[in-house]
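1. Quick one, what's the 3D model for this:
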Amino acid sequence: MIRGIQLHAWAGAPEMVEVAELAAREFETVWVTDQLQSRSVAAILGAVAARTGAGVGTAVTFPFGRNPLEQASTMATLAEFMPPGRQVSMGIGTGGGLVSALMPRENPVESVAELIGLCRALWRGEHVRLGDYPLTCARLRMRPDGKVDFPWVDNADVRVIVAGAGPKVLEMAGELADGVICASNFPAHSLAAFRCGQFDAVSNLDSLDVGRSRSTRPDFARIYGVNISVSKDRDAANAAARRQATLIVAQQPHENLERVGFEQADYAATRAAVHDGESVARAAELLPQAVADQLVVSGTPDDCVSALGELLDYARGAGFTEAYVGAPVGPDPREAVELLTSQVLGGLM
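-> Coordinates of the predicted model:
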């Protein structure tokens with residue numbers, strides 16, 4: 001079920017490519033996070049595609065602050081590197097807390113839908129009128145009567161995968177995309193949601209089905225992203241998991257956390273520290289490990305095998321067709337990939 005791995009673009013680019021080469025021995029797809037303040041996802045994915053022969057994907061990009069023509073070109077160019085049996089995936093969402101802190105996210109779901117439509121038209125080799133995408137045109141001050149095409153593209157093989165947890169974005173994904181990503185560190189799709197028996201009620205996957213009923217696209221991937229942190233050093237792995245979980249509990253509405261069993265008292269100190277301007281590392285020290293464990297699988301390889309196996313069983317039962325292991329992966333990305341490929345994946349069999 002696990003076909004991919006998600007790497008953070010915070011480590012040095014040469015190191016990331018080397019780690020991706022190790023990962024490509026076992027994983028079909030190397031996904032790379034897209035953050036405005038991290039290293040360039042396009043540059044890293046290009047190097048990974050050229051060096052490894054693995055499929056590559058963004059997990060995930062977003063429409064805000066970006067030129068859609070460049071995004072479409074990047075994906076089509078990456079597709080030229082793909083060997084038979086491998087594919088480029090444009091994972092896209094509405095942007096998270098780091099995006100919101102820097103720019104407005106007006107009409108987020110509609111903006112993602114426009115980007116999908118614009119990219120697909122260019123990938124098909126069509127002559128595109130920019131005014132047909134009014135939100136994009138207005139946001140970037142493009143000329144509505146401007147026209148563009150990619151004469152070098154002939155049906156670029158790029159699948160569009162939408163990431164999200166809300167009903168509107170999931171309905172849109174079902175109708176327009178080739179698949180969906182639901183990540184385990186979001187409360188509605190977390191181990192906490194499964195264990196408390198609320199997954200069906202809070203996951204919003206029924207909205208995905210509504211969108212699918214209107215779709216003309218025959219194939220649809222349901223991808224479960226498992227946030228994981230593995231190391232021989234359990235304390236270091238747990239600390240990295242708490243930092244990842246801190247980003248979630250600091251941003252999610254209280255009701256989203258409470259619906260899957262979290263008490264405000266469990267994460268109040270962490271949330272307050274982030275809002276008071278403390279570093280994520282400092283705020284994470286205040287988060288109980290039991291809270292992080294419900295959002296991010298972490299620990300030694302043996303620890304991770306047990307929790308990961310439980311989570312994947314739940315995911316299969318919920319209809320997910322593939323999975324990846326993702327951020328933070330571990331306190332040391334190289335060690336984490338080595339442990340995942342040599343011990344964790346084998347332990348699941």
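2. Run a quick neighbour tally on Pro104.
-> Burial measure for Pro104: 10 neighbouring residues, criterion other C-beta atoms under 10 Å. Backbone N, C-alpha and C define where each C-beta goes, glycine included.
3. Helix, strand or coil: sort out it for me.
-> Recorded secondary structure, Pro104: coil (DSSP: H, G, I helix; E, B strand; the rest coil).
4. What distance do you get for it to Gly65?
-> Distance, Pro104 to Gly65, by C-beta to C-beta, to the nearest Å: 10 Å.
5. contacting residues around Ala188?
-> Residues near Ala188 by C-beta atoms under 8 Å, 6 or more residues apart in numbering: Ala165, Phe199, Val202, Ser203, Asn204, Asn256, Arg259, Val260.
6. In strands, which of those appear?
-> Using DSSP state E, no member of the contacts of Ala188 falls in strands.
7. Closest one to Ser279 out of these, please.
-> When these are compared for distance to Ser279 (C-beta to C-beta), Asn256 comes out closest, at 24.0 Å.
8. top of the contacts of Ala188 by neighbour count?
-> Scoring the contacts of Ala188 on neighbours with other C-beta under 10 Å, the highest-scoring entry is Val260 at 24 neighbours.
9. and that one, what does it touch?
-> With C-beta under 8 Å, 6+ apart as the criterion, the residues that contact Val260 are Pro187, Ala188, Ser190, Ala192, Ala193, Cys196, Gln198, Val202, Gln294.
10. hmm, try it at 6 Å
-> Applying C-beta atoms under 6 Å, 6 or more residues apart in numbering, we find Val260 in contact with Pro187, Ala192, Ala193, Cys196, Gln198.
11. Which of the helices or strands spans the second one?
-> Taking DSSP states H and E as the criterion, the element that holds Ala192 is helix 191-195.
12. Could you point out the helix or strand that follows the helix or strand bottoming out on mean pLDDT in the chain?
-> Averaged element by element with mean pLDDT, DSSP states H and E, the chain has its least confident helix or strand at helix 97-100 (a mean of 71). Heading C-terminal from helix 97-100, the first helix or strand you meet, by DSSP H and E, is helix 108-123.
13. contact partners of the helix or strand that that next one is followed by?
-> Proceeding C-terminally, helix 108-123 gives way to strand 128-129 as the next helix or strand, assigned by DSSP H and E. Contacts with strand 128-129, where a contact means C-beta under 6 Å, 6+ apart, come from Ala121, Leu122, Lys147, Val148.
14. wait, isn't Ala72 in contact with Ala121?
-> No. Look at Ala72 against Ala121 with C-beta atoms under 6 Å: they stay out of range, at 8.7 Å.
15. Would you state the strands of the protein in chain order?
-> Counting by DSSP E, the chain has strands at residues 2-7, 29-32, 55-61, 88-92, 128-129, 147-148, 158-163, 179-183, 221-230, 297-299, 322-329.
16. Save those strands as JSON lines, and put in mean neighbour count too.
-> Formatted as JSON lines, the entries for the strands of the chain read as follows, by neighbours: other C-beta atoms under 10 Å:
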{"stretch": "strand 2-7", "mean neighbour count": "24"}
{"stretch": "strand 29-32", "mean neighbour count": "27"}
{"stretch": "strand 55-61", "mean neighbour count": "27"}
{"stretch": "strand 88-92", "mean neighbour count": "26"}
{"stretch": "strand 128-129", "mean neighbour count": "18"}
{"stretch": "strand 147-148", "mean neighbour count": "14"}
{"stretch": "strand 158-163", "mean neighbour count": "24"}
{"stretch": "strand 179-183", "mean neighbour count": "25"}
{"stretch": "strand 221-230", "mean neighbour count": "25"}
{"stretch": "strand 297-299", "mean neighbour count": "26"}
{"stretch": "strand 322-329", "mean neighbour count": "25"}
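17. That's all I had, so thanks and see you.
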